[in-house]
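Visitor: Fold the following.
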Amino acid sequence: MQNLPTIKNSYRGCSYNFTEDYLTLPLITDFDCPEEYYSALFHEAIHSTGHGTRLNRISAHDNREKYSEEELVAELGSAYLCAMCGISNTVIENQAAYLQGWLSKLKGDPAILIRASLQARAAVEYLVENK
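Guide: Next up is the predicted model:
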């Protein structure tokens, strides 16, 4: 990926810092299996594609609904990347539960799911094609 954000190790969990444009993840050995690490890395990397220097999908001032939709984008994108890498079977149950949780917050609006799917696809294409 061109314009890759910095990746920092953190024992506090996984996140993407939009303002400073960096990802934080625990060490790979802190996960139950390597596939879970990559699922988390892909999730945060998808978030980073929303930065203004990339696909400009998110802003620091987004509301709660937009945040929920962004979580769907990131997890769908992670699922797509996991499938591309052949690790989807190991992490699919966690991904499905995560997606269901965010969908319930959005009251199951199918338009949001479709929009999030399209944005996730664009983010995956950005990551894969911008080497």
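
Visitor: export stretch 43-55 as PDB, just CAs?
Guide: What follows is the C-alpha trace of stretch 43-55 in PDB, where atoms were taken according to Å, rounded to 0.1, in the frame of the first residue of the first chain:
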ATOM      1  CA  HIS A  43      -9.700  -4.100   9.900                       C
ATOM      2  CA  GLU A  44      -7.500  -1.200  11.000                       C
ATOM      3  CA  ALA A  45      -5.900  -0.900   7.600                       C
ATOM      4  CA  ILE A  46      -9.400  -0.500   6.000                       C
ATOM      5  CA  HIS A  47     -10.100   2.300   8.500                       C
ATOM      6  CA  SER A  48      -6.900   4.000   7.400                       C
ATOM      7  CA  THR A  49      -8.100   4.100   3.800                       C
ATOM      8  CA  GLY A  50     -10.800   6.500   4.900                       C
ATOM      9  CA  HIS A  51      -8.100   9.200   5.700                       C
ATOM     10  CA  GLY A  52      -8.100  12.400   3.700                       C
ATOM     11  CA  THR A  53      -4.800  11.500   2.000                       C
ATOM     12  CA  ARG A  54      -6.300   8.200   0.700                       C
ATOM     13  CA  LEU A  55     -10.000   7.700  -0.100                       C
END
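
Visitor: Centre of the chain to it, how far?
Guide: With Cα atoms, centre = their mean, to the nearest Å as the basis, the distance from the averaged C-alpha position of stretch 43-55 to the chain average is 8 Å.

Visitor: For it, buried residues please.
Guide: Burial within stretch 43-55, assessed by neighbour count using 16 or more other Cβ atoms under 10 Å, is assigned to His43, Glu44, Ala45, Ile46, His47, Ser48, Thr49, Gly50, His51, Arg54, Leu55. Bear in mind the C-beta positions are built from the backbone N, C-alpha and C, glycine included.

Visitor: try stretch 59-71
Guide: Residues Ser68, Glu69, Glu70, Glu71 are the ones in stretch 59-71 that count as buried (16+ other Cβ under 10 Å).

Visitor: Specify which member of the buried residues of stretch 43-55 is nearest to Asp30.
Guide: Glu44 (14.8 Å; Cβ to Cβ).
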